[in-house]
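# Let's see this in three dimensions:
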Amino acid sequence: MAASNIFNDVLERVRAVNARLIASGMLPAAIDQSRIVVEPPRDPSHGDMATNAAMVLAKDAGKKPRELAQAIADGLAADDLIEKVDVAGPGFINLTLKPGAWTEALRAAIRAGAGYGKSDVGHGEPVNVEYVSANPTGPMHVGHCRGAVFGDALANLLAFTGYEVTREYYINDAGAQVDVLARSAHLRYREALGEDIGAIPDGLYPGDYLKPVGQALAAEYGRALNQKPETDWLPVVRAKAIDMMMAAIREDLAALSVRHDVFFSERSLTEGATDEVARTLDALRAQGEVYEGRLPPPKGAPVDDWEDREQTLFRATAFGDDVDRPLKKSDGSYTYFASDIAYHRSKWERGFRTMIDVWGADHGGYIKRMAAAVRAVSGGKGDLDVKLVQLVRLLRGGEPVKMSKRSGDFVTLREVVDEVGRDAVRFMMLYRKNDATLDFDLAKVIEQSRDNPVFYVQYGHARGQSVFRNAREGVPNLPADAPARVAMLAGAALERLSDPAETALMRKIALYPRLVEAAATAHEPHRIAFYLYELASEFHALYTKGRDSPHLRFIIQNDPTMTVARLALVEGVVTVLASGLSLLGVDAPDEMR
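Alright, predicted model coming up:
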């Protein structure tokens, strides 16, 4: 078997059978086979794989599903890879592969090495992944951390499967919140000059993190800013505060090994050579999608809270939203939504048909209008997938963690990374689906036990490497150099691996390329974390089994051929663990300390 993705290999064999059925006249020549899949059956007792080929082709072929399924099954039964074929239910085809299929899948994994699971399913399609995009008004908290890790791992996954990925951060450096930041920083500037500023007034940011900004302003401007009206000092202080906040955010992201290719300024949309928001609204108006009108009062809102006025509106209902959306405030300034439309139009104009936005769960109500906007600015050709990341509950030994002194009202991302390490943070932030609330226990994520998934997976890789170190005594010709070792193990007598636990481990390794493709297509990196834990668990179980059954040990002193075959299995495990951990941005250690 040449292909490293055994599921794709079997899919090609199904299509080869269909080609023969087309030649015989049983299937029409132009029949669409794009919906055919080969996947693991829901019930493992049904076999190794299942295909829906007959179910999706029967209608176009004018055949009964079971009749067509039997014809496809008869063709597959003669394949040298397949041991048994069963037609089940209304026309599903279950396949059991010959043992040699799994040994050859393991051999392919060993030969592919770090490239195992890599694919070109993305065909070089440009994809924009925008994540973090935290307001530059303070340090990042543990909630931002989850979005940062999710977005970064998703970008890794898409790049690994052949997409051309741009990692983007949208800097919200316009609007009222950055003016509040400037006023808060100015207060700390006065404090740095020796003034007693008293308690921080309500409405300003109280955290100590703005003290360095105040000190930097004092060092650069002395008392000059104190002698100017707010209209003069505000833009100066705002720019300095934003620059220093963004520098701190970049530093925090670097501690998580999160990087971005593009930092896009919201302010640049209106303060560049062209007012891009105005240009966007003009284009939408020309298409009939921006108009002047009145909105009905919100359902359930008190009448005295409703401002009935003529205003500039986006015809969002024409693109699937519930109501049309305002684009300008009563003072004539743009709404946040107007800027967001122009920003996503920029993405479209930069060549991104596929856009993935990673948002906090509190922005769920914004999805419909943003999806409508992308459809409008792209002529219906753009695709926006918004991934919501739910809250993180920070615990220590099951008890809620107190707030941070530095931030004033939350625990910062950097405090968490500094306490438990980058690997624990990244893995555990992905060890639950993004739209489910996550309990992150600072005590449990540093335990050295099976109950700590990041330790258990990393320990699997380290254990595999320790097996190689120990094996050099029993296999004197085993190369210490990894490439040379791989070359030797790829030629191992893998047919010697006949224990059910060994076969199960080979099957698990063979599943990896398909799992990577599925996780990339669904935009769900958590699938990789779940899979790695399962693979590590099976490997640890086989290792433990060898303690009770000496014939199953990885190193058999008087049987070098079996030892090399077992080492090849270990090579497959560490190859996949290292690959998956790399996608998650987590180290694969050779030793646990």
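# Could you tell me how far the most centrally placed residue in the chain is located from residue 587?
The chain has residue 154 as the residue nearest its centroid, 2.4 Å off, counting by CA atoms, centre = their mean. Noted for residue 154: a distance of 19 Å to residue 587, by CB to CB, to the nearest Å. C-beta: built from backbone N, CA, C; applies to glycine.
# Show me where the stretch 151-300 of the chain dips below the pLDDT cut-off.
Low-confidence segments of the stretch 151-300 of the chain (pLDDT under 70): none present.
# where along it do the helices fall?
176-192, 211-221, 230-255, 268-271, 276-286 (DSSP state H, counting those that start in this stretch).
# Can you give me the buried ones in the fourth one?
Pointing back at helix 268-271 there. Within helix 268-271, the residues scored as buried using 16 or more other CB atoms under 10 Å are 269, 270.
# And for the second one?
Neighbour-count burial for helix 211-221 flags 213, 214, 216, 217, 218, 221 (criterion: 16+ other CB under 10 Å).
# Hey, what's the angle from that helix to helix 176-192? Just curious.
70 degrees (axes from the mean of the first three to the mean of the last three CA atoms, to 10 degrees).
# remind me which residues of the stretch 451-593 of the chain are low pLDDT?
Using pLDDT under 70, the stretch 451-593 of the chain has no residue that qualifies.
# Could you find the closest non-adjacent residue to residue 375?
Counting by CB to CB, 6 or more residues apart in numbering, residue 375 lies nearest to residue 319, which is 4.5 Å off, once chain neighbours are set aside.
# what does residue 514 give?
For residue 514, the spatially nearest residue (CB to CB, 6+ apart) is residue 7, at 4.3 Å.
# isn't that neighbour right up against residue 49?
Yes - between residue 7 and residue 49 there is a contact at 6.8 Å, judged by CB atoms under 8 Å.
# can you list residues touching both of those two?
Counting by CB atoms under 8 Å, 6 or more residues apart in numbering, the shared contacts of residue 7 and residue 49 are 38, 39.
# residue contacts, residue 267?
So residue 267 contacts 171, 173, 174 (CB under 8 Å, 6+ apart).
# of the buried residues of helix 211-221, closest to residue 264?
Minimum distance to residue 264 across the buried residues of helix 211-221 is 22.8 Å, recorded for residue 213 (CB to CB).
# Contact partners for residue 265?
Residue 265 neighbours (CB under 8 Å, 6+ apart): 171, 173.
# what's the spacing between it and residue 179?
16 Å.
# check contacts around residue 189.
213, 214, 217, 218, 221, 225, 226, 237.
# change it to 7 Å
214, 217, 218, 225, 237 (CB atoms under 7 Å, 6 or more residues apart in numbering).
# And those, which two are furthest apart?
Checking the contacts of residue 189 with CB to CB, the most distant pair is 218 and 237, at 11.3 Å.
# ranges for the strands of the stretch 1-150 of the chain?
Per DSSP state E, counting those that start in this stretch, the stretch 1-150 of the chain carries strands over the ranges 38-39, 49-51, 82-88, 92-97, 126-130.
# now the stretch 1-150 of the chain, which segments are flagged as low pLDDT?
1-3.
# Would you state the helices of it in chain order?
Going by DSSP H, counting those that start in this stretch, the stretch 1-150 of the chain shows helices at 6-24, 53-61, 65-77, 99-112, 142-160.
# pLDDT score for residue 306?
Model confidence at residue 306, given as pLDDT, is 59.
# same question, the one 5 residues further on
The pLDDT attached to residue 311 in the predicted structure is 94.
# can I get the CA coordinates of stretch 236-249 in PDB?
This file holds the C-alpha atoms of stretch 236-249, laid out as PDB (Å, rounded to 0.1, in the frame of the first residue of the first chain):
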ATOM      1  CA  VAL A 236      -0.700  61.400  22.300                       C
ATOM      2  CA  VAL A 237      -1.400  59.300  25.500                       C
ATOM      3  CA  ARG A 238      -3.800  57.000  23.600                       C
ATOM      4  CA  ALA A 239      -1.100  56.200  21.000                       C
ATOM      5  CA  LYS A 240       1.500  55.500  23.600                       C
ATOM      6  CA  ALA A 241      -0.800  53.400  25.700                       C
ATOM      7  CA  ILE A 242      -2.000  51.300  22.800                       C
ATOM      8  CA  ASP A 243       1.600  50.700  21.600                       C
ATOM      9  CA  MET A 244       2.700  49.600  25.100                       C
ATOM     10  CA  MET A 245      -0.400  47.400  25.600                       C
ATOM     11  CA  MET A 246       0.100  45.700  22.300                       C
ATOM     12  CA  ALA A 247       3.800  45.100  23.100                       C
ATOM     13  CA  ALA A 248       2.700  43.500  26.300                       C
ATOM     14  CA  ILE A 249       0.100  41.400  24.500                       C
END
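# And that stretch, what's buried?
For stretch 236-249, by 16+ other CB under 10 Å, it's 236, 237, 238, 240, 241, 242, 244, 245, 246, 248, 249.
# what does it contact?
134, 136-137, 139-140, 171, 173, 178-179, 181-182, 185-186, 189, 212-213, 216-217, 225.
# cool, stretch 110-120 as well?
Contacts of stretch 110-120 (CB under 7 Å, 6+ apart): 4, 109, 160-162, 486, 489-490, 512-513, 516-517, 568, 571-572, 575-576, 579.
# Tell me who's in contact with the residue of the chain positioned farthest from its centre.
Relative to the mean C-alpha coordinate of the chain, counting by CA atoms, centre = their mean, the farthest residue is residue 227 (49.7 Å). Residues near residue 227 by CB under 7 Å, 6+ apart: none.
# ok, it to residue 118 distance?
From residue 227 to residue 118 the distance is 62 Å (CB to CB).
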